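Trainee: Here is the input, now give the coordinates:
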Amino acid sequence: MPLVSVSGAELAFGHHPLLDGADLVVQDGERIGLIGRNGTGKSSLLKALAGEIALDDGRIQRSDALAITLVEQEPVLPAASTLRESLAIRGRLDAIADERERWRAEARLVEFLHRLGLDEAADPATASGGERKRAALALAFATAPDLLLLDEPTNHLDIDGIEQVEDLLARGPASIVITHDRAFLDRVATRIVELDRGMLRSYPGNFAAYERRKRDELAAEAIVARKFDRYWAQEEAWIRKGVEARRTRDMGRVRRLDQLRADRAARRERIGQVKLALDAGERSGKLVAELERVTQSFGDRVLVRDLTTVVMRGDRIGLIGPNGAGKSTLLKLMLGAIAPDSGKVRLGTKLSVAYFDQLRETLDPERTLADTIAPGADWVETAQGRRHVLTYLGDFLFPPERASAPVRTLSGGERNRLLLARLFALPANLLVLDEPTNDLDIDTLELLEATLQGYDGTLVVVSHDRAFLDNVVTQTLVAEGDGVWREYAGGYTDWIAQRGERTGVAASRSRAAEAAGSARTPAAAARDAGRDAGQGSGGARPRAKLSYKEQRELESLPAEIEALEREQHEITARVCAPDYHRQGADAVRRDRARAEEVEHLLAAKIERWVALEEAVAAAKGGGG
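Mentor: Numbers count the residues shown, from 1 in each chain. Here you go, the predicted model:
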């Protein structure tokens, strides 16, 4: 039986309905990625599923005793002396009648707080946006609901935090997640559900599979719309032929035309696209910024330690690191906005800087949208030439009637769009973007990527969106702890590969040593240890060859790894099948458990294979 069934859902706030006869079925074990443009009603749908708001019409049927937990986009933490007490109040843990179950729930809460890197004794009143989100997520996972509803869980989280949530969701209950993080959806989602013009459309598989099917669907929809409009235009021309033609009118045809008119009026056009264009203006000097042995601290914390790097004209640099690592500080050092504690910063010539501020501090909440874009004027100078401010705001999906509204009335996504509109209005040959992707829907995000890919100036960007980094930057500066920053070629995925290569050599040597050591008897190990001690630092002792048992194991491992990989592919293909949800809850649970088991087995066998191969290489290198 499904966990939740939604049928004929109707919900409206304002002129356009958010839900317009929408249907949805959620099965046990599913992980649904809910996507759609900002303002289409995704958050309202989650609230309706959680029972926090009522539908205007339609029905929501929940299975008996279904436990649902909703983590909203901006969680509110009740006032309390500690974070743990605040979450206990939020989760109503005191209301649990069974004392042992209440104790277990509190223990699970502490466990998840620690896993998500939070101090249970912290003051909730001083928690940042990211800490509030992680705290609410810790409570949600600790209460172990049957259905988890998450609204933008990746906002304010760094990459490590996002990957932790991905891991927890992959092993957790059924879930519906609103997110614009495409890498997150690719890793977590078993189905994508799109809310588009009031309707819910389902696509099996992850986000990459959705993109392929959506492209085909939109192309087919455009063809149908063109044919409809052509037929409607022909019928309108026919009925306007005049008095002579009226004598021969077919009344059935007139009735069909009336229906065509009604259908066309009811057809909701696809929401418009943001129009972005960047003007790099005058070229900067070849050197943009040079940092020489720069160190910057705040109190006892060193955020940048002895950093030497050069930013050249045309560079596209991504800054990667956990929250609090000093990414925004490093941006300000590069711009000369703050002076380093030690070292030198040299800026290039002819720099024209546009700075996208992470906290949107440069937006005055009391100014109107029009005055924010063009203070005291009706016209904006843009890359396309002189534009009226109302037309220019329309490019960013702000209708004329919103132009006189104050900034404080905007949502998070709308504020980001307004900041982009102001940022792109003037030429800039150095574009600095601090978390530009927060709150942007996927369509706008992809358009921003395409715009930045065609930008001729220099780009420095801070982002936790892995797909965005891969699509935009050509080199990364990564915070590696204790103020150390290291440069890598390529985007996020390239950094991961290069990091793996650097750490893999040391790890392989360590595993090889452990493998060789585990094959020896304690007496032999003691003799080897004594021989090593006698050698001191004068040279390496030749490694022993593999035992017969280890040699047989090494020969069999490739086939075993191949079999596990084949099974992994089969499970993935089965899960992504269009009718997979019909297999039933037991089959879903079995597949999920086996997928996790195969993943662990595969990792262990690959690690063992590498260790044995390294042991063979070490033995050959030592003359064995």
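
Trainee: CA atoms for contacts and neighbours, from now on please.
Mentor: OK.

Trainee: Am I right that Q296 falls within a strand?
Mentor: Yes. Applying DSSP: H, G, I helix; E, B strand; the rest coil, one finds Q296 inside a strand.

Trainee: For it, list the residues it contacts.
Mentor: By C-alpha atoms under 8 Å, 6 or more residues apart in numbering, the residues touching Q296 are V302, L303, V304, R305, P340, D341, S342.

Trainee: change it to 10 Å
Mentor: Listed by C-alpha atoms under 10 Å, 6 or more residues apart in numbering, the contact set of Q296 reads 302-307, 326, 329-330, 333, 338-343, 483.

Trainee: Let's verify L397: helix, strand, or coil?
Mentor: Secondary structure, three-state DSSP: L397 is coil.

Trainee: so how many other residues sit close to it?
Mentor: 18 (other C-alpha atoms under 10 Å).

Trainee: My guess is it contacts R417. True?
Mentor: Yes. Using C-alpha atoms under 10 Å, L397 is in contact with R417, at 8.5 Å.

Trainee: Okay, helices next: where are they in the stretch 51-200 of the chain?
Mentor: Along the stretch 51-200 of the chain, counting by DSSP state H, counting those that start in this stretch, helices occupy 83-90, 99-115, 129-142, 159-170, 182-188.

Trainee: between those, which gets nearest to S547?
Mentor: Shortest distance between S547 and the helices of the stretch 51-200 of the chain, using C-alpha to C-alpha, is found for helix 159-170: 37.9 Å.

Trainee: Report the angle between the closest one and helix 129-142.
Mentor: 20 degrees (axes from the mean of the first three to the mean of the last three C-alpha atoms, to 10 degrees).

Trainee: Counting by contacts, list what helix 159-170 packs against.
Mentor: helix 99-115, helix 129-142, helix 182-188 (3 or more C-alpha pairs under 10 Å, 6 or more residues apart in numbering; DSSP states H and E).

Trainee: so which of these is the most packed in?
Mentor: Most buried of the helices and strands packed on helix 159-170, by mean neighbour count (mean count of other C-alpha atoms under 10 Å): helix 129-142, with a mean of 22.

Trainee: tell me what that helix is packed against?
Mentor: Applying 3+ C-alpha pairs under 10 Å, 6+ apart, one finds that helix 129-142 contacts strand 68-71, helix 83-90, helix 99-115, strand 147-151, helix 159-170.

Trainee: Not counting its own residues, what contacts the shortest one?
Mentor: To tie it back to what came earlier, the one meant is strand 68-71. With C-alpha under 10 Å, 6+ apart as the test, strand 68-71 has contacts from 3, 46-47, 49-52, 62, 91, 133, 136-137, 139-141, 143-153, 174-177.

Trainee: Drop anything exposed from those residues.
Mentor: Neighbour-count burial (16 or more other C-alpha atoms under 10 Å) applied to the contacts of strand 68-71 gives 3, 46-47, 49-50, 62, 91, 133, 136-137, 139-141, 143-153, 174-177.

Trainee: still on that earlier bit, which of the contacts of Q296 count as buried?
Mentor: For these, a neighbour count by 16+ other C-alpha under 10 Å gives the buried set as 302-305, 307, 326, 329-330, 333, 339-340, 343, 483.

Trainee: Report how many residues lie close to Q73.
Mentor: Q73, neighbours per other C-alpha under 10 Å, totals 15.

Trainee: nope, E85 is what I meant
Mentor: When neighbours are counted by other C-alpha under 10 Å, E85 comes out with 21.

Trainee: pretty sure it is touching D119, no?
Mentor: No. Using C-alpha under 10 Å, E85 is not in contact with D119; the gap is 11.8 Å.

Trainee: Turn the helices and strands packed on helix 129-142 into JSON lines, including mean pLDDT and distance to A428.
Mentor: What follows is these, written out as JSON lines (pLDDT from 0 to 100; distance: least, C-alpha to C-alpha, whole Å):
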{"stretch": "strand 68-71", "mean pLDDT": "96", "distance to A428": "39"}
{"stretch": "helix 83-90", "mean pLDDT": "95", "distance to A428": "44"}
{"stretch": "helix 99-115", "mean pLDDT": "90", "distance to A428": "43"}
{"stretch": "strand 147-151", "mean pLDDT": "96", "distance to A428": "35"}
{"stretch": "helix 159-170", "mean pLDDT": "91", "distance to A428": "29"}
